[in-house]
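fold the following and give me the result.
(2 chains, ligands or ions: 1)
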Amino acid sequence: MTHDEKLIQRLAEKAKIIRRDAVEMIWAGELGWIGGSFSQADIIAALMFHQMKHDPKNPDWEDRDRLIVSKAHCCETVYAALGESGYFSKELYKSYGKMGATLQAHTERIVPGIEYSGGSLGQGLSFALGEALAARIDAQKDSSGHPIPRYRVYCIIGDGESNEGQIWEAVMAALHYKVDNLVAILDHNKFQSSGTVEERMNMMPWVDKWKAFNWDTVEIDGHDFEAILTALENADKVKGKPHIIIAHTTKCKGVPSFEHKNLHFCKLSDEMYAEALEALK
Amino acid sequence: MKRNYVLEPLGEMKAMYQAYHEEIVELSRKNGEIVLLYGDFPRGAAGELFQKEHPDRIYDVGIAEANLITTAAGLAGGGYLPFTHCHSIFAVGRAYNQIRQNVAFDKLNVKIVLCNSGMLWPFMGGSHQIIEEIAAMRVIPNLVLVSPSDPASTKKVTRAIAEHVGPVALRISNPAVPTVYRDDFPFELGKAVTLIDGGDAAIISTGMVLADALEATDMLAKEGIKVRLLDMHTIKPIDAEAITKAARETGAIVTVEDSSIIGGLGGAVAEIVAENAPVPMKRVGIKDRFGQSGTIPELKEEYELTARHIAQAVRESVKKK
Ligand SMILES: Cc1ncc(C[n+]2csc(CCOP(=O)(O)OP(=O)(O)O)c2C)c(N)n1
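Predicted structure coming up:
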């Protein structure tokens, strides 16, 4: 254990809150992506409530760290983390996915704290690459003349989403430009929309693919805060290449009876809603 | 007003995607060349049946629409009859050049099923609701573009495009829609269906908004406005003869679509009307805006696609005669 027990406890509590608030959103919207939203929740909590420098009072602060959730259908835990941080009132949760709502069914850049309007999978890593490059232009230089990036960019991608060729185009370019202020996190929950990743499009071996592209590659348990924090901190230390954290996760993590099922996009029944809130008490 | 081929009252509610798949399963029992390709996309019960019956003729290439379209082109090159399935926004939006270059350019016999097409897709929001597919697809040479309006016409269209040799894009909307047509209605690719034969104005409709257009004709009939109603199920090649005739004989045209009027059906009809028989026109459809989350009734209201809006457009165009 290298991290303070209290910090880990605080993050676990935050993760529970954002899962619970996401359930409220999905209940109100009568639809949502509970599976992928929950598998990434611990990573989001570690980023937003500890690792990233950001300011809810000043969402447009130029030097803020960026979070790009490329699999933008998993918006509910992202919105919940922003609401919990104070970017906007939690009142907005009630209109999630409804006509005229600020919180639309996929993340949109007009929402305070959201960097990226997603929905079309496979594109977020390229956007993150652009943001990471922007942090180096006009930045101060270190003693050897390398730019000191003004901010870091974190990008969450899906394993199903990794089918898209554009992901690998971004992977190639990020290495080519040695973009070391870019940290991609693969939410490896083993499911995509219509089945398991293995049966739908088997991309094994994952780790070797990223290593072959020469990214700084680590594999962790994406629900272990100690491991998440360590991986994020190590990414700050490795220079000259982009970073990939392959996070093994469980789709719908947090509600035991929902886990290991492909609750990808669904409506919560009365029983499911009650069960989810009970599990997240 | 007398209605041709129309069920009264309207029939069973069904998703067009389901009707399409049921027909494909039927066709595949006689046509061994049919191959189905998906992009991490649900198949429904009928698609699962196809999987059982022809396990060697069904593929899912994952979330990779560019690869989906060009692989299908290759299968057509190998002598098969591939049908591709993914969200319309990602076929048109993520694989435009693959459709243009790998399918249409070489007239390959690929059928691109544009699933969840148009604005009327609830909840998902603007990233998923495609407004530009008609404009984007109809500008591509060699490509036939069809847009059925209900489960019954979806079946007829599916059969017709399987028989047609050459590239086709097929619009399939998301929600369950009422069955408008009787089973025996005559269907020919490229020939609009005249559902009502009025002389005061003509509504030309495409896709699932046909039921709303029908409702509008009832409202107008009560006011003594006799409307001709055409279902333009084939957007390309468009039935220029029926459009010109409607313009000449009624003197006022209103188009209806769940798609952008810029380059959409509205644009296509306006091109014909302006060249052949200029008359006042109104275009009901998406007016240069992106979509958003909402229910189907809310979206129809917000984007002015209800029967009420269609009827008002007809009144305005009649006034300008
Ligand atoms: C380009 C594109 N194709 C298809 C879709 C439809 N879609 C939405 S989510 C999804 C599955 C995503 O799987 P994954 O990346 O593993 O996300 P997770 O399981 O974490 O939800 C698909 C196919 C899309 N949004 N974008």
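
residue contacts, the closest residue to the ligand within the stretch 151-281 of chain A?
Closest residue of the stretch 151-281 of chain A to the ligand, CB to the nearest ligand atom: A:Gly158 (2.0 Å). Bear in mind the C-beta positions are built from the backbone N, C-alpha and C, glycine included. Applying CB atoms under 8 Å, 6 or more residues apart in numbering or on different chains to A:Gly158 gives the contacts A:36, A:70-71, A:74, A:121, A:186-187, A:189, A:192.

how much space separates it from A:Thr217?
17 Å (CB to CB, to the nearest Å).

tell me the phi and psi of A:Val183?
The phi and psi values for A:Val183, taken as degrees, to the nearest 10, are phi -120, psi 110.

give the bridge partners for it, please.
In this entry, A:Val183 is beta-bridged to A:Tyr154, A:His243, by DSSP bridges.

ok so B:Ala152 is a strand residue?
No: counting by DSSP: H, G, I helix; E, B strand; the rest coil, B:Ala152 is not part of a strand but helix.

apart from its neighbours in sequence, what residue is nearest it?
B:Tyr181 (4.0 Å; CB to CB, 6 or more residues apart in numbering or on different chains).

ok, the one you found - how many residues close by?
Using other CB atoms under 10 Å in any protein chain shown, B:Tyr181 has 26 other residues around it.

was I right to think it contacts B:Pro148?
No: applying CB atoms under 8 Å, one finds B:Tyr181 not in contact with B:Pro148, separated by 9.4 Å.

quick one: the closest residue to B:Ala216 other than its chain neighbours and B:Val209, what's the gap?
The shortest distance from B:Ala216 to any non-neighbouring residue, by CB to CB, 6+ apart, is to B:Ile310 (3.8 Å). Shown here: B:Ile310 relative to B:Val209, a distance of 8 Å by CB to CB.

name the residues contacting each of these two.
Contact criterion CB under 8 Å, 6+ apart; residues shared by B:Ile310 and B:Val209: B:Val256.

check which helices and strands the lowest-mean-pLDDT helix or strand in chain B sits against.
In chain B, no helix or strand scores lower on mean pLDDT, DSSP states H and E than helix B:44-53, which sits at a mean of 94. The helices and strands touching helix B:44-53, judged by 3 or more CB pairs under 8 Å, 6 or more residues apart in numbering or on different chains; DSSP states H and E, are helix B:16-28, strand B:58-60.

deepest in the core, which of those is it.
Most buried of the helices and strands packed on helix B:44-53, by mean neighbour count (mean count of other CB atoms under 10 Å in any protein chain shown): helix B:16-28, with a mean of 22.

elements contacting that helix?
So helix B:16-28, by 3+ CB pairs under 8 Å, 6+ apart, packs with strand B:34-38, helix B:44-53, helix B:151-163, strand B:168-172.

which residues touch the last one?
In other words, strand B:168-172. Contacts of strand B:168-172 with the rest of the structure, by CB under 8 Å, 6+ apart, involve B:16-17, B:20, B:88, B:91, B:99, B:110-118, B:133-134, B:137, B:143-148, B:154, B:157-158, B:161, B:207.

please flag which of those residues sit within helices.
Of the positions in the contacts of strand B:168-172, B:16-17, B:20, B:88, B:91, B:133-134, B:137, B:154, B:157-158, B:161 sit in helices, assigned by DSSP state H.

and of those residues, the nearest to B:Val314?
B:Ile134 (21.2 Å; CB to CB).

show me the contacts for that closest one.
With CB under 8 Å, 6+ apart, B:Ile134 has these contacts: B:145, B:147, B:171, B:206, B:235, B:257, B:259-260, B:263-265, B:268.
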